[in-house]
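**Student:** Following is a predicted model, sequence given first.
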Amino acid sequence: MKTILYLLRHAATPANLSHPARLQGRNNDPPLAPLGVRQAEVTREHLAIQPFDLCYCSPLRRAVQTAAIICEPHGITPRPLDALIECDVGKWEGLDWETIKSRNPKLYERYMANPAQQGYPGGENFAEVHERASAELDRLLVEQAGKSILVVSHHVVNRTYLAGLLGLPPSQARRVSLDNCGISVVIREKDKSSVQTLNGVLHLQGVL
């Protein structure tokens, strides 16, 4: 029995599109930027022929909004799950990486060396995110066996989960980079999950 998980990062928000981009956690909960809405619409068109049975998402607005747009042709309502919420980035929320590096150089270096051990100050580390998110996604794959599932979540959540499936520990999850509305496909068959597609973005050409 084959179970298919379409795992997406939410569409772009103003913070994602800033130059440089700013970190988003869970306290500031903005809607999608106009470009993000277009990304979600193009993704909806690309996935319209896929027979989704269920859709789950992070409870944050950017994920709920993305999921709702993509689900329109399927007649299903996204179900928010707390375990899929974005990483708590603590005191670094709203900052860009250059600002963080200049303000907290030692913490920045430790984070970049091992984000699974040195997390965001006042927030989570990658190991904690992986533990909660992978448990939830694995549960869905088991409980919804044989179905096609759409999940819309966040960069750290998705990259730590996918890294684990690719054989990488949470400390190396930054090697997995995902675009807004990038599509990753996970197949579970015979009690084993594997990554079939990683960050598919061809449908976003001309939109990014």
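**Tutor:** Right, received. Where do you want to start? This one's a predicted model, so the numbers in the text were calculated from it and none came from an experiment.
**Student:** Find the residue at the geometric middle of the protein.
**Tutor:** By C-alpha atoms, centre = their mean, the chain has its centre lying nearest to His154, at 2.7 Å.
**Student:** right, and the secondary structure at the closest residue to Asn125 other than its chain neighbours would be what?
**Tutor:** Excluding its sequence neighbours, the residue lying closest to Asn125 (C-beta to C-beta, 6 or more residues apart in numbering) is Gly119, at 2.8 Å. Heads up, the C-betas are built off the backbone N, CA and C, glycines and all. Recorded secondary structure, Gly119: coil (DSSP: H, G, I helix; E, B strand; the rest coil).
**Student:** so Gly119 touches Phe126, yeah?
**Tutor:** Yes: at 7.0 Å, Gly119 and Phe126 qualify as touching, with contact defined as C-beta atoms under 8 Å.
**Student:** okay, the two: which has more neighbours?
**Tutor:** Comparing Gly119 with Phe126 by neighbour count (other C-beta atoms under 10 Å), the higher total belongs to Phe126, at 26 against 23.
**Student:** pLDDT at that one, what is it?
**Tutor:** You'll see Phe126 listed with a pLDDT of 98.
**Student:** Distance-wise, check it relative to Gln118.
**Tutor:** Distance of Phe126 to Gln118, given as C-beta to C-beta, to the nearest Å: 9 Å.
**Student:** got it, and Glu131?
**Tutor:** Glu131 is 16 Å from Gln118, where distance means C-beta to C-beta.
**Student:** coming back round to it: setting aside sequence-adjacent positions, which residue approaches the residue nearest to the centre of the chain most closely?
**Tutor:** His154's closest residue in space is Glu86 (C-beta to C-beta, 6+ apart), at 3.8 Å.
**Student:** For that neighbour, grab the count of nearby residues.
**Tutor:** Other residues lying near Glu86 total 25 when counted by other C-beta under 10 Å.
**Student:** shouldn't it be in contact with Asn28?
**Tutor:** No: between Glu86 and Asn28 there is no contact, the gap being 10.6 Å when judged by C-beta under 8 Å.
**Student:** Now the common contact residues for those two.
**Tutor:** When contacts are counted by C-beta atoms under 8 Å, 6 or more residues apart in numbering, Glu86 and Asn28 have no shared neighbour.
**Student:** quick one: low-confidence ranges for this structure?
**Tutor:** Flagging of the chain using pLDDT under 70 yields the residue ranges 208.
**Student:** now the helices: where do they sit in it?
**Tutor:** Counting by DSSP state H, residue ranges of the helices within the chain are 14-17, 34-47, 61-71, 97-103, 105-113, 126-143, 155-165.
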